[in-house]
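# sharing a model prediction with you, sequence too.
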Amino acid sequence: MRIAAFLPELLRHLFKKPATVDYPFKKLEVPPDFRGTPYLNPEMCIVCKACERDCPAEAIEITDVNPAEKRFRMVIHNDRCIHCAQCVDSCPTTPKAMQMDSLFEIATDDRHKLKRDWVYVRAVIKPKAAAPAAAPVAEPKA
Amino acid sequence: MSFEIPIGPQHPALKEPISLRMTVEGEVITGVDIRLGYNHRGVEKVAEEKNWTQNIYLTERICGICSHSHATCFVQGVEKLMELAPPKRGLYIRYLVSELERIHSHLLWLGVAGHEAGFDSFFMYTWRDREIVMDLLEMISGNRVHYAINTIGGVRRDLDEGQRAKILEGVATLRKRSEYYFRIGANEPSFVARIAGVGMLSKEQAIALCATGPVAKASGVGRDVRKEDPYAVYDELDFAVCTADTCDVLGRVVVRVMELLESYKMIEQMVRNLPAGDIACKAPRKAKPGETVSRYEAPRGENIHYIKSNGSDKPERLKVRAPTLGNYPATVEMLRGCFIADIPLIFAAIDPCICCAERAVTLVDARNGAEAIVRMSELRRRALERAPKAPLKGNAVWPL
Amino acid sequence: MAALRTVLYLFVYPGILFLFVYSTFCEWFDRKVYARLQNRMGPTHTGRFGLLQPIADFFKLMSKEDVVPEAADKGFFNALPAFGLAVVSTAALLLPVWNFDLAAPGWTSFQGDIIVMLYLLSLPTLILFLAAWSSTNLFSTIGGARVLTMLFGYEVPLFLAVLSPAVLAGSWRLAEIAAFYQAKPLLLLVNILGFLVAVVAVQAKLERCPFDIPDAETEIVGGTFTEYSGKKLALFRLAFDIEMVVASGLLAAVFLGGFPGGPLLGFVWFVLKTLFIIFLLSLIRALTSRIRIDQVISLSWKVLAPLAIVQLLASILLKGFMS
């Protein structure tokens, strides 16, 4: 048992740079596959609703599917999202329609501001439909 | 004069709400009354309404520190029910994350033990080194806690060469730092004076009270699910079960640091021998009817999940027995006869994960096997009916 | 004119305003050194380098709601923070920095002022106990009992250690002790043992880790300060900051040779020497973990008190040889 076993290490630290980062004045880097918030690539979506079924937090809502006018509405409730990326894994298309970005500084004071709303016109709705007829026109309403 | 001190439900020593009512005389504790239930979230009920995939994320959120252990224990059980054989590479990655989680949990615990003892410098240093593990986990899985790397049938993400090199580098740094902490923890006189000889739990008591994990290992009971019931990759890895025989908090510190060193060995073996192949196999949406029990060695002890399926895509019943729940009776025994000043250390030495341990109570009538899930108000009413007729328990003194 | 001078003396320098500014500066220094030893940054953003952080904390506490428990003894509870502040500020007036001329020292330097200063430094402990007692909270009571138990431990070694240089110098007056050692600096080396004992005992008096038992956050919530909030807590914390300055000033005057060189140079020496002692106190704080109350008593009586007695004997023998 030595008295002050820790002392050399402590004194060495006086001359080292601090290990803490001066956030938020210096930003942090996140690795490439970081699970941030989900977003939709509407051109790829086939409205199979697998993401809605598999979301543990009921954060994806697909309504107003209109096969005649080829429109559907998806609301992603980012205030309910638990950032698990199961929606990305359940999405059957290649390249994927649901993707995750790296945003993690999404805190705000009103949770309704976190909900993102899409109303899209698209080409293919059913997975076994014909080849794309018209060019897809997307009207994002965020 | 004997009076009661309430530790909790809100107390700076506790990270989660739990109520320990200590009966003390002067500075010596003569009895403890543990009350649970402040963190009950109804997880088992919600699990019956979500399908198998959604339940992975639900079980993961039973706890933040041992999140992967609950998710893996659940997925192991479901894979048994669905009779799936996940590919080797997927299993290696899954248990690699398990060992990384064990490292982060033990480093966290070392820091917390230092903080409870007042040794804040130790706390800061161990948590700074824990950042290395957190960054590795973020690189592998995309998040620092709640890794969500499991899926039914394997894992969701693969490891590439750059990530493997970084893991080996991180583990080498951590190994040097852990050996340094081992020397400090055993040598700093004020720290050792706080933790040696407190919280004694003899070997017979540990076995009789069903202690599990490092609490039992520090009393010489070397039970480890990875050695007794080797699941998946553990029969191919070379590691030892660490025990100590001092039966006190110092023994628990020593056991956890030795487990850290064993985990580094295991991680290096797993990364070097990672087999090629797929990372997951396709899982059906529905599981065959049946029931299964799945055991897993979480950082805190043995984690048991019981899953019952009725052929649909949602479980019929999920029961979780977290390791901390098994350690509570041993805690009552350990706290008897100690000073007040030792309460935070002894309680922290079982590595309490209180939210893991909040579950519902099922009463089974021993005569005819009938089961009833009982609400707290009903239990309280029954206890109040019985109390005037029951004999006074040991040292429970209520001054009011 | 004399009245104006006295008023400035009591309220500006070296009175309350100077003590407020200097003690918050010392608290900043302590927090910064403690953080750097732990590889962290410490206060950074309030004012340049975080210098205004302790002042900001003080004003924040002053603006919070002041809650008095129903069962508390209101007279004592309300008056004690002010008493504490008054006691330590009076002790600060006795430091030999402000007595520029040995021949005409004014009314704050007299024979026996080292004893008065030690007495005034013991009063905050009693005030802490009364604060705990009048709070009538379970945790405060335990904290108060611990404060008094610790007093039995560290008080005797502290007194013995601080009085040995006085014995060697042959005077009970701080200014004369300081002058003696300024004339013969080599004799300071005789007091090294007493210096170490005194630093450990002062750490116990100031109730900092490893001796922050009465205020052990993880065991008894707030200890003696559990029920204090708002202005009263702000005054208590200021009183303890000033006590840190006074105790380190006392140690610097007795063990490190005082503050020579007249008003301006003496003030510079005062700042340098007290910061050195506060650096040592921060180092001890970062180095160890909290020990138990029974271990404090056994440490004090088995280690500190014998070493202090050895130091006293050495001083007496040396004085015998010298005369």
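The structure has been received and is ready for your questions.

# relative to chain A, how far out is the closest residue in space to C:W301 that isn't next to it in sequence?
Leaving out its chain neighbours, the residue that sits closest to C:W301 by CB to CB, 6 or more residues apart in numbering or on different chains is C:G153, at 7.0 Å. From N, CA and C alone the C-beta is placed, and that goes for glycine too. Computed as CB to the nearest CB, to the nearest Å, the C:G153 to chain A distance reads 19 Å.

# could you pull up the contacting residues of C:G153?
C:G153 is in contact with C:A204, C:V296, C:I297, C:L299, C:S300, C:W301, counting by CB atoms under 8 Å, 6 or more residues apart in numbering or on different chains.

# closest to chain A among the residues you listed?
C:L299 (11.8 Å; CB to the nearest CB).

# what's the local residue count around the closest one?
22 (other CB atoms under 10 Å in any protein chain shown).

# now stretch C:57-73: mean pLDDT?
Average pLDDT, stretch C:57-73: 89.

# with adjacent residues omitted, what lies nearest to the residue in the stretch 1-150 of chain B positioned nearest to chain C?
Closest to chain C within the stretch 1-150 of chain B is B:G118: 2.7 Å, counting by CB to the nearest CB. Sequence neighbours aside, C:R290 is the residue nearest to B:G118 in space, at 2.7 Å (criterion: CB to CB, 6+ apart).

# so what pLDDT did the one you found get?
At C:R290, pLDDT is 80.

# B:R381 too?
pLDDT, B:R381: 61.

# quick one: the strands in chain A?
Secondary structure of chain A (DSSP state E): strands located at A:38-40, A:60-66, A:71-77, A:98-100, A:115-121.

# of all those, which lies closest to chain B?
Closest among the strands of chain A, using CB to the nearest CB: strand A:98-100, at 7.9 Å.

# what does chain A put close to chain C?
A:A4, A:F6, A:L7, A:L10, A:L11, A:H13, A:L14, A:K16, A:P18, A:A19, A:T20, A:D22 (CB under 8 Å from any CB of the partner chain).

# for the stretch 151-300 of chain C, give the residue positioned nearest to chain B.
C:R290 (2.7 Å).

# over to B:N303. Which of the three states is it?
At B:N303, secondary structure determined by DSSP: H, G, I helix; E, B strand; the rest coil is strand.

# is it true that it touches B:S69?
Yes - using CB atoms under 8 Å, B:N303 makes contact with B:S69 at a distance of 5.4 Å.

# overlap in contacts, those two.
B:Y296.

# any idea which helix or strand carries C:L121?
According to DSSP states H and E, C:L121 maps onto helix C:113-135.

# mean confidence for that helix?
90.

# tell me which stretches of chain B form helices.
B:43-47, B:52-60, B:67-82, B:88-116, B:120-141, B:161-187, B:189-195, B:203-208, B:214-217, B:225-228, B:249-272, B:323-335, B:343-349, B:376-386 (DSSP state H).

# how about the ones you listed, which one is nearest C:N78?
The closest of those to C:N78 is helix B:343-349. By CB to CB, the value is 32.0 Å.

# is the closest one anywhere near chain C?
Yes - judged by CB under 8 Å from any CB, helix B:343-349 comes into contact with chain C through B:I343, B:P344.

# wait, C:P185 touches C:G257, no?
Yes - applying CB under 8 Å, one finds C:P185 in contact with C:G257, separated by 6.1 Å.

# those two: which is more packed in?
C:G257 (22 against 10).

# before we move on, back to that, tell me which helix or strand comes right after the helix holding C:L121.
Next element after helix C:113-135 (DSSP H and E): helix C:138-169.

# how about that following helix, which residues are buried there?
By neighbour count with 16 or more other CB atoms under 10 Å in any protein chain shown, helix C:138-169 contains the buried residues C:138-147, C:149-151, C:153-169.

# so that helix versus helix C:113-135, what angle?
180 degrees (axes from the mean of the first three to the mean of the last three CA atoms, to 10 degrees).
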